[in-house]
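**Student:** what follows is a predicted structure for the sequence shown.
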Amino acid sequence: QKEVEQNSGPLSVPEGAIASLNCTYSDRGSQSFFWYRQYSGKSPELIMSIYSNGDKEDGRFTAQLNKASQYVSLLIRDSQPSDSATYLCAVRGNDYKLSFGAGTTVTVRA
Amino acid sequence: GAVVSQHPSWVICKSGTSVKIECRSLDFQATTMFWYRQFPKQSLMLMATSNEGSKATYEQGVEKDKFLINHASLTLSTLTVTSAHPEDSSFYICSARDSPSWNTEAFFGQGTRLTVV
């Protein structure tokens, strides 16, 4: 049973600040890592994918992966009110199934 | 990215009836689709993996006779909730990948909000 743990929320940040989200996973054989954003009542939307150790940047988002520590994070720079959502960490193992964390709810205060 | 279309977006049904949810990959062929369920304030839980031309594989604790999955073509998978009860009320979401490679993304349908009254 793969476990994916996310830092408990909710996380409240002022507009323009950096939001930092953390995720750890139990299956050392996991190969693919994803961050999804989910607005209330909607299905998840892919924000970032990362497959190798290090940083990956896409606009205001930066994902970091450390397979040795079984840790993946997401930074949201210059947070906007539209970033207010629940962020889901997802991990895919050798069985190609995605396991999701419980999610961290982010609120960006204007 | 690839588009996955799910229908209907929401449905209300009476207890004891059956409801069918469709999941289509619009611009790619998906040999494998996944069905998730999400209760309020909870994360997505995988229910089953739908394989084109073969039986679906269900996660532990998911009743295969209650949640019927058919994946008759490379672009369509259906989930039928049989004899629905109020506790089956949930947000059902399908996803598909456009490649079997390990480093590809999963695309999600819009989700179906099922309410059983």
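**Tutor:** Looks like it arrived, so ask away. Just so it is clear, the structure is predicted and the values come from calculations on it, not from any experiment.
**Student:** let me see the contact set for whatever residue of chain A ends up closest to chain B.
**Tutor:** Nearest residue of chain A to chain B (CB to the nearest CB) works out as residue A:43 at 4.0 Å. Placement of C-beta: from N, CA and C, glycine included. Residues near residue A:43 by CB atoms under 8 Å, 6 or more residues apart in numbering or on different chains: B:6, B:93, B:108-111.
**Student:** neighbouring strands for the helix or strand of chain B with the lowest mean pLDDT, and are they parallel or not?
**Tutor:** Ranked by mean pLDDT, DSSP states H and E, the helix or strand of chain B with the weakest confidence is strand B:106-108, at a mean of 86. Applying DSSP bridges, strand B:106-108 is found paired with strand B:90-97 (antiparallel).
**Student:** what does the partner strand contact?
**Tutor:** The contact list for strand B:90-97 (CB under 8 Å, 6+ apart) reads A:41, A:43-44, A:96, A:98, B:2, B:4, B:6, B:21, B:23, B:25, B:28, B:30, B:32-39, B:44, B:77, B:79, B:81, B:104-109, B:111-114.
**Student:** buried residues in stretch B:33-44?
**Tutor:** The neighbour-count check on stretch B:33-44 (16 or more other CB atoms under 10 Å in any protein chain shown) flags B:33-38, B:43-44 as buried.
**Student:** would you list those in JSON lines and tack on pLDDT and secondary structure?
**Tutor:** Output for the buried residues of stretch B:33-44, formatted as JSON lines (pLDDT from 0 to 100; DSSP: H, G, I helix; E, B strand; the rest coil):
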{"residue": "B:33", "pLDDT": "91", "secondary structure": "strand"}
{"residue": "B:34", "pLDDT": "93", "secondary structure": "strand"}
{"residue": "B:35", "pLDDT": "96", "secondary structure": "strand"}
{"residue": "B:36", "pLDDT": "96", "secondary structure": "strand"}
{"residue": "B:37", "pLDDT": "96", "secondary structure": "strand"}
{"residue": "B:38", "pLDDT": "95", "secondary structure": "strand"}
{"residue": "B:43", "pLDDT": "88", "secondary structure": "coil"}
{"residue": "B:44", "pLDDT": "93", "secondary structure": "coil"}
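**Student:** with distance to chain A as extra columns, can I get the residues you listed in a markdown table?
**Tutor:** As requested, these are arranged in a markdown table below (distance: CB to the nearest CB, whole Å):
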| residue | distance to chain A |
| --- | --- |
| B:33 | 12 |
| B:34 | 7 |
| B:35 | 12 |
| B:36 | 8 |
| B:37 | 12 |
| B:38 | 9 |
| B:43 | 5 |
| B:44 | 5 |
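**Student:** quick check: closest non-adjacent residue to the most centrally placed residue in chain B.
**Tutor:** By CA atoms, centre = their mean, the mean C-alpha position of chain B lies nearest to residue B:35, the distance being 3.4 Å. Counting by CB to CB, 6 or more residues apart in numbering or on different chains, residue B:35 lies nearest to residue B:47, which is 4.6 Å off, once chain neighbours are set aside.
**Student:** please enumerate the strands of chain B.
**Tutor:** Ranges of strands in chain B, per DSSP state E, are B:4-7, B:10-13, B:19-25, B:32-38, B:45-51, B:57-58, B:67-73, B:76-81, B:90-97, B:106-108, B:112-116.
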